[in-house]
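Q: Please find the sequence and the predicted model below.
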Amino acid sequence: MSETTVKQKSETNVKEMSETKVKKMLFILSKGTLENAYAAFVMANGARMEGIESEIFFTFFGLEAIQKKKLEHLHTATVGNPALHMPTMLGGLPGVEALATKMMKKEMEKLDMPPVSEFLEILSDSGCKLWGCKLAVDMFHLEKEDLIDELDGILTIGDFYGRANEEGTHLLFI
Amino acid sequence: MKKIIADREIDVNEEGYLVDFNQWDKEVGRTLAEEHGISMSDKHWDVIEYLQDKYQKEEPLSIRGIKKSGVINIKEFYSLFPGGPLKKSTLIAGIPKPKSCI
């Protein structure tokens, strides 16, 4: 059984207190779709840009966003995604999901949103902490080597709650 | 509204950003930096120059842009301008606060 581990590495100083009442934002990313991963990344980065501490806890399918082999292959769902306004029969045809994803990535690139691996690097360098969920890592039979180098460690949910132990901390589930 | 910075009257908005970039000079920048607890080094000025250059070219600013610029890496950026680095550095540079989510 792998133990919960916390890696020490050269730290970006995050203790500069934000001038707002929100001091720390914690995100739990449980989904592996492109838009959900980016929601977590943009909000975590946005927090850092405001001087607010931020951390992301990757669990269940959120782990796809931090697996070296999978992180550049996140997709947007084209079936069962009513907000896309695409008929189910069409969305299920071969290649449609890949095409919709490609189009979305193109729009994101136009706005200078980085691809997943670069975004994770930026987040880590900005002082955002990135954690893997121990339970999910065990469930998917993952090893440390499967996960990105920038990961700060593998925690239980209890450990993660422990990181919410300050006034002005907020948790968001994605 | 008007604010006295480095012994002259400067027009600023309610968040303290310069309204007119033509009123900026290094002394104004230095004074604004000191108000935010930053003493300007050559590296700080390199970043300010980069930001002002982008502003004058009307190119949008983003944290990714900072990384790609080659002027500074992100860890250093956060250590030079602690807190909200893009917010702070643009204020010191006398340019408007970036209107981007990234």
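A: Here it is on my side, so go on. Treat the numbers as computed from the prediction; the structure is a model and nothing was measured.
Q: shaky segments in chain A?
A: Low-confidence segments of chain A, defined by pLDDT under 70: A:1-18.
Q: Do a quick rundown of the strands in it.
A: Along chain A, counting by DSSP state E, strands occupy A:5-6, A:24-29, A:53-58, A:129-133, A:153-155, A:169-173.
Q: okay, those strands, which one's buried deepest?
A: For the strands of chain A, the largest average neighbour count (mean count of other Cβ atoms under 10 Å in any protein chain shown) is found in strand A:53-58, namely a mean of 26. (Glycine included, C-beta is placed from N, CA and C.)
Q: Near chain A, which residues of chain B are found?
A: B:60, B:62-65, B:67, B:73-75, B:78-79, B:82-87, B:101-102 (Cβ under 8 Å from any Cβ of the partner chain).
Q: So which of these belong to helices?
A: B:63-65, B:67, B:74-75, B:78-79, B:85-87 (DSSP state H).
Q: and the residues you listed, which are buried?
A: Among these, those buried by neighbour count (16 or more other Cβ atoms under 10 Å in any protein chain shown) are B:63-65, B:67, B:74-75, B:78, B:85-87.
Q: What is the nearest of these to residue A:81?
A: residue B:64 (27.4 Å; Cβ to Cβ).
Q: and the closest one, how far is that from residue A:121?
A: 10 Å (Cβ to Cβ, to the nearest Å).
Q: Same check on residue B:11?
A: Distance from residue B:11 to residue A:121, by Cβ to Cβ: 39 Å.
Q: So the two - more neighbours on which side?
A: When residue B:11 and residue A:121 are compared for neighbours, residue A:121 comes out ahead with 16 against 12, by other Cβ atoms under 10 Å in any protein chain shown.
Q: Does that one touch residue A:130 like I think?
A: No: if you go by Cβ atoms under 8 Å, residue A:121 and residue A:130 don't touch, sitting 10.4 Å apart.
Q: Mind listing the shared neighbours of those two?
A: residue A:150 (Cβ atoms under 8 Å, 6 or more residues apart in numbering or on different chains).
Q: any chance you could map the strands in chain B?
A: Under DSSP E, chain B gives strands at B:2-5, B:8-11.
Q: Quick one: mean pLDDT over the last one.
A: What that stands for is strand B:8-11. Over the span of strand B:8-11, the pLDDT mean works out to 93.
Q: List the buried residues of it.
A: Residues of strand B:8-11 classed as buried by neighbour count (16+ other Cβ under 10 Å): residue B:10.
Q: what sits up against it?
A: With Cβ under 8 Å, 6+ apart, strand B:8-11 has contacts from B:1-4, B:18-20, B:23, B:28.
Q: Need these in a markdown table (columns: neighbour count and pLDDT).
A: Listed next are the contacts of strand B:8-11 as a markdown table, based on neighbours: other Cβ atoms under 10 Å in any protein chain shown; pLDDT from 0 to 100:
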| residue | neighbour count | pLDDT |
| --- | --- | --- |
| B:1 | 9 | 91 |
| B:2 | 10 | 91 |
| B:3 | 12 | 90 |
| B:4 | 9 | 91 |
| B:18 | 24 | 96 |
| B:19 | 13 | 95 |
| B:20 | 10 | 95 |
| B:23 | 15 | 95 |
| B:28 | 19 | 96 |
